[in-house]
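Colleague: compute the structure for the input listed below.
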Amino acid sequence: MITVVGTGTGAPLPTGVLAGARLVVGGRRHLAAAPVPDEAEQVVLGPLAPALDVIERYLEKDGRVVVLASGDPGFFGIVRVLAERFGAERLDVRAGVSSVAAAFARVGLPWDDAVVASAHGRELRTAVNVCRARPKVAVLTGPGAGPAELGAALGSSARVLVVASALGSADERVERVTPVEAAARDWGSDVSVVLCLDESRGLGGVRTVAGAAVGPDGWALDEGAFEHRDSMITKSEVRALALAKLGPRLGELVWDVGAGSGSVAVECARFGAAVVAVEKAADGVARIAANARAHGVYVDAVHGSAPDALDRLPDPDAVFIGGGGRELPGIVAACARRSRRAVVVAMAALDRVPAARAALVEAGFTCDGVLLQSSRLAPLPGDVTRLAATNPVFLLWGNRTPVSDEGVAQ
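Modeller: As a prediction, the model looks like this:
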């Protein structure tokens, strides 16, 4: 049997949990703070594989093994690895208070509506994109993915970072800083968790299901759901297929280039993606922000013209291009060079399709497309109905092999 004990956030070790242990495994600070029996071998956790091999040797001799871990070891902790290697039935887990729960408690906030992202041993960009998209995020940090790196990636965004260090110890610190302030500091190795908060979006209502919303209750919304100018909006039928090809999801970043009213940007944000909308018209930027607020999501609306405006943006997972004119081939090429997964282009002018397709293929994408011609029901006098045709649109999409990112919990 392996007894896994969560410690390190202030709660004392359960009485007698180490009595009779033949092997005690844990981090250096956990071992130093625990009354390890003199006869027990100690293994300091570093790389997991050697420690697991030692545990297996003791189990073969029916030796009692105790693993000391931080907080709740079943929450992004060592329980997963131990269960996979030895079987859940051989584990006796004594969970402590997780660092996430402790950090939210320190600042007096509920966290049933928070999203938790782990950057410990994982790519930081997933956690960054979750922070861009969601108003309440806890980030579990690691070497090279701490408050400074998170702050640098978020830049001047309207977020507050709560950095909780050495939770439960005499050296505990809980500090509120801006992302810019976080980026300028050396935080050391004692950081337990970072909370990223958009305080403008409030606490939210009463919850039934924990975590961020799983997804929108509908998509390809009617054009009337968005403020737009002179019908300059991607029609719902086009949006439906574009969303299917973009596949926006939590932890990813989507660009909406030539965003217009931002209808595609807002719909991607409703699926949980972080979104940057690029629009050359100043009144369009204000309109995008208003549409995002109306639908309860955040979209980073950038005033500028592509492709030049794209240079200062972080690399996207997927891109929707809804404008471009004569510059379209260059815009598609610029987006394709940087997109990790997908590019979708909507065009009214068919003579621009070959150049856009060539730009995607040259960038290594597999490419396909379709001409969308839809007719909507429209009333006529006399209580009868006709079919009213919308303008045809050619939708082109390119895909490359998806890049998998792990580390998000809801």
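Colleague: ok, E41 to V25 distance?
Modeller: From E41 across to V25, the span is 9 Å (Cβ to Cβ, to the nearest Å). Yep, even glycine has a C-beta here, placed from its N, CA and C like the rest.
Colleague: who's more crowded, the two?
Modeller: V25 (27 against 15; other Cβ atoms under 10 Å).
Colleague: so the more buried one lies in a strand, does it not?
Modeller: Yes - V25 forms part of a strand when assessed by DSSP: H, G, I helix; E, B strand; the rest coil.
Colleague: tell me which stretches of the stretch 101-250 of the chain form helices.
Modeller: Remark: helices assigned in the stretch 101-250 of the chain by DSSP state H, counting those that start in this stretch are 124-133, 147-154, 179-183, 236-246.
Colleague: need these in TSV with distance to S98 and mean neighbour count, can you?
Modeller: Compiled in TSV, these are given as follows (distance: least, Cβ to Cβ, whole Å; neighbours: other Cβ atoms under 10 Å):
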stretch	distance to S98	mean neighbour count
helix 124-133	17	26
helix 147-154	18	21
helix 179-183	22	19
helix 236-246	34	20
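Colleague: columns mean pLDDT and distance to A389 on top of the ones you listed, output as JSON lines?
Modeller: Formatted as JSON lines, those follow (pLDDT from 0 to 100; distance: least, Cβ to Cβ, whole Å):
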{"stretch": "helix 124-133", "mean pLDDT": "95", "distance to A389": "36"}
{"stretch": "helix 147-154", "mean pLDDT": "96", "distance to A389": "45"}
{"stretch": "helix 179-183", "mean pLDDT": "97", "distance to A389": "49"}
{"stretch": "helix 236-246", "mean pLDDT": "96", "distance to A389": "11"}
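Colleague: and the pLDDT for the one residue sitting closest to the centre of the chain?
Modeller: Nearest to the mean C-alpha position of the chain, counting by Cα atoms, centre = their mean, stands G251 at 2.3 Å. pLDDT, G251: 95.
Colleague: and for A95?
Modeller: 91.
Colleague: count of neighbours near it?
Modeller: Neighbours of A95 using other Cβ under 10 Å come to 17.
Colleague: and C196, by the same measure?
Modeller: 29.
Colleague: my guess is it contacts P147. True?
Modeller: No - counting by Cβ atoms under 8 Å, C196 does not reach P147; the two are 9.8 Å apart.
Colleague: what do those two both touch?
Modeller: L161 (Cβ atoms under 8 Å, 6 or more residues apart in numbering).
Colleague: not counting residues beside it along the chain, what's closest to R132?
Modeller: Spatial nearest neighbour of R132, chain neighbours left out: A274 (3.5 Å); criterion: Cβ to Cβ, 6 or more residues apart in numbering.
Colleague: now the common contact residues for E41 and V25.
Modeller: With Cβ under 8 Å, 6+ apart, E41 and V25 have common neighbours V54.
Colleague: wait, isn't A138 in contact with W111?
Modeller: Yes - using Cβ under 8 Å, A138 makes contact with W111 at a distance of 7.0 Å.
Colleague: so which of these two has more stuff around it?
Modeller: More crowded of A138 and W111, by other Cβ under 10 Å: A138, with 27 against 19.
Colleague: who's in contact with that one?
Modeller: 100, 103-104, 111, 114-117, 193-196.
Colleague: repeat that with 6 Å
Modeller: 100, 114, 116, 193, 195 (Cβ atoms under 6 Å, 6 or more residues apart in numbering).
Colleague: and it, how far from V191?
Modeller: The value you get for A138 to V191, if Cβ to Cβ is used, is 12 Å.
Colleague: now do the helices in the stretch 301-410 of the chain.
Modeller: Counting by DSSP H, counting those that start in this stretch, the helices of the stretch 301-410 of the chain are 328-338, 353-362.
Colleague: what's the most buried one of those?
Modeller: For the helices of the stretch 301-410 of the chain, the largest average neighbour count (mean count of other Cβ atoms under 10 Å) is found in helix 328-338, namely a mean of 21.
Colleague: list of residues touching stretch 99-109?
Modeller: With Cβ under 6 Å, 6+ apart, stretch 99-109 has contacts from 9, 71, 111, 116, 138, 162, 164, 167, 174, 192-193, 195.
Colleague: what's the spacing between stretch 58-76 and its chain's center?
Modeller: 30 Å (Cα atoms, centre = their mean, to the nearest Å).
Colleague: buried residues, that stretch. List them.
Modeller: 58-59, 63-76 (16 or more other Cβ atoms under 10 Å).
Colleague: can you flag which of these belong to helices?
Modeller: Counting by DSSP state H, the buried residues of stretch 58-76 place 58-59 in helices.
Colleague: the buried residues of stretch 58-76 in strands, which ones?
Modeller: Of the buried residues of stretch 58-76, the ones assigned to strands by DSSP state E are 65-70.
Colleague: for the chain, which helix or strand comes out least confident on mean pLDDT?
Modeller: Within the chain, no helix or strand scores below strand 408-409, which has a mean of 60 by mean pLDDT, DSSP states H and E.
Colleague: count of residues packed around M347?
Modeller: By other Cβ under 10 Å, neighbour count at M347 equals 21.
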